[in-house]
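# Let's see this in three dimensions:
(one chain, ligands or ions: 2)
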Amino acid sequence: MATAGRRALAGFWRSVSSAKRCRTELRPSPFLLQCRGLCTATGETRQDSSSLVFRQLFDQTSFTYTYVLGDRESGECVLIDPVIEMVDRDTRVISELGLRLTYALNTHVHADHVTGTGELKKRAGAKSVIARVSKAVADVHVDEGDTVKFGRFELEVRSTPGHTDGCLTFVLRDHGKAFTGDALLIRGCGRTDFQQGDPGRLYDSVHGKILSLADDTQLYPAHDYTGQTVTTVAEEKKFNPRLTKPKAEFVQLMNELNLPYPRLIDKAVPANLVCGLQDLMK
Ligand SMILES: N[C@@H](CCC(=O)N[C@@H](CSS)C(=O)NCC(=O)O)C(=O)O
Ligand SMILES: [Fe+2]
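Ligands and ions are numbered 1, 2, ... in the order given. As a prediction, the model looks like this:
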């Protein structure tokens, strides 16, 4: 056999043996070509992303991002940070995607808009989820280390206090995504001048629980006021103008922000403490 032909055959057998290794690690299957795990350069596998449904939705009034995360195979999905005025849109998108809402999650007791989780309980039968520490009403209270499952996927709950004491970050581990609420915003962070705000605590949360994730983890915040949609751990470690500072400087900067209070704070906080079901609680 000519040298070029021998080289091509050797390459073919190398790829077959790597595919076999991949298949065996992920799930035993008789079909070599049905390997659905993703083989990395080191031969590791990670969970197949092809059945993850992911949508980032935006509310132009409160500048809030709402996230749909679903499992195409089981049809189960969750929503992160829905806004009450956008519930029609959210339920339409979910239905068009052929999904069924199981959990409606809040990253924290929002101060700038009323959550859609109460309305979604009524309309879609979803269970509302919030941090136990928040002391807000919900069907499910979660703590650090808990998981929220949808189909074959799961979100790891990380407690990231500092903007409020019940702030959570949800990490979709095998898919390199984290939903940071207001703890980390793109090139910014949540303010610390109301609710249980504490800049020192926020600094420790963001560095310890978010920027400690892998550099290529994609970070999705609850808001953006500048038209950006997503960032990464590596970018924020390099370019975040607040969180790249030493802790003492960060604390001073946050204490001197002097931002106007959110327009809806007096309505939103009490409503969100009862899951956005304020009308029913009267
Ligand atoms: N203008 C908006 C409120 C804007 C605001 O305060 N955003 C919060 C997140 S919502 S609690 C924040 O933490 N911002 C950080 C920053 O540096 O701006 C309104 O009136 O609703
Ligand atoms: Fe907030």
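# how close does the residue lying closest to residue 196 once chain neighbours are set aside get to residue 201?
Leaving aside its sequence neighbours, residue 196 sits nearest to residue 165 (Cβ to Cβ, 6 or more residues apart in numbering; 3.9 Å). Every residue, glycine included, has its C-beta placed from N, CA and C. Per Cβ to Cβ, to the nearest Å, residue 165 is found 8 Å from residue 201.
# Equivalent analysis for residue 261, please.
Taken as Cβ to Cβ, the span from residue 261 to residue 201 is 20 Å.
# any idea where the strands of the stretch 1-150 of the chain begin and end?
All strands of the stretch 1-150 of the chain, identified by DSSP state E, counting those that start in this stretch, fall at 38-39, 45-46, 52-59, 64-71, 76-80, 100-105, 127-131, 140-142, 147-150.
# before we move on, the earlier item: comparing residue 261 and residue 201, which residue is more hemmed in?
With neighbours defined as other Cβ atoms under 10 Å, residue 261 and residue 201 compare such that residue 201 has more, 18 against 12.
# and that one, what helix or strand is that in?
Here residue 201 sits within helix 199-205, counting by DSSP states H and E.
# Which strands and helices lie in contact with that helix?
Counting contacts by 3 or more Cβ pairs under 8 Å, 6 or more residues apart in numbering; DSSP states H and E, helix 199-205 is packed against helix 247-255.
# still on that earlier bit, how about the following helix or strand past the helix holding residue 201: buried residues?
Past helix 199-205, further along toward the C-terminus, the next helix or strand under DSSP H and E is strand 218-221. Along strand 218-221, these residues count as buried under the neighbour rule (16 or more other Cβ atoms under 10 Å): 218-221.
# Give me the residues contacting strand 218-221.
The contact list for strand 218-221 (Cβ atoms under 8 Å, 6 or more residues apart in numbering) reads 56, 65, 67, 176-182, 184-186, 210, 229-233, 236.
# Among those, name the buried ones.
65, 67, 176-182, 184-186, 210, 231-233, 236.
# Up against ligand 1, what does this protein have?
The chain comes close to ligand 1 at residues 62, 111-112, 182, 188, 190-191, 223, 259, 262-263, as judged by Cβ under 6 Å from any ligand atom.
# repeat that for 8 Å
Contacts of the chain with ligand 1, taken as Cβ under 8 Å from any ligand atom, map to 62-63, 110-113, 163, 182, 185, 188-191, 222-223, 225, 257, 259-265.
# Give me the subset of those lying in strands.
Using DSSP state E, the members of the residues of the chain next to ligand 1 that fall within strands are 185, 188-189.
# Turn those into JSON lines, columns for distance to residue 71.
Shown next, in JSON lines, are these (distance: Cβ to Cβ, whole Å):
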{"residue": "185", "distance to residue 71": "28"}
{"residue": "188", "distance to residue 71": "32"}
{"residue": "189", "distance to residue 71": "31"}
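# CSV for the strands of the stretch 1-150 of the chain, including mean pLDDT?
Shown next, in CSV, are those (pLDDT from 0 to 100):
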stretch, mean pLDDT
strand 38-39, 37
strand 45-46, 44
strand 52-59, 98
strand 64-71, 98
strand 76-80, 98
strand 100-105, 98
strand 127-131, 98
strand 140-142, 98
strand 147-150, 98
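# out of these, nearest to residue 157?
Smallest distance to residue 157 across the strands of the stretch 1-150 of the chain (Cβ to Cβ): 4.8 Å, for strand 140-142.
# For residue 244, find the nearest of the strands of the stretch 1-150 of the chain.
Nearest of the strands of the stretch 1-150 of the chain to residue 244, taken as Cβ to Cβ: strand 64-71 at 23.2 Å.
# what helix or strand does the nearest residue to residue 215 once chain neighbours are set aside sit in?
Closest residue in space to residue 215, ignoring its immediate chain neighbours: residue 234 at 3.9 Å, by Cβ to Cβ, 6+ apart. Using DSSP H and E, residue 234 maps to helix 233-239.
# elements contacting that helix?
In terms of contacts (3+ Cβ pairs under 8 Å, 6+ apart), helix 233-239 is not packed against any helix or strand.
# Give me the buried stretch members for that helix, please.
Applying a neighbour-count criterion of 16+ other Cβ under 10 Å, one finds 233, 235-236 buried in helix 233-239.
# Could you do stretch 186-202 as well?
With burial defined by 16+ other Cβ under 10 Å, the residues of stretch 186-202 counted as buried are 186-192, 195-199, 201-202.
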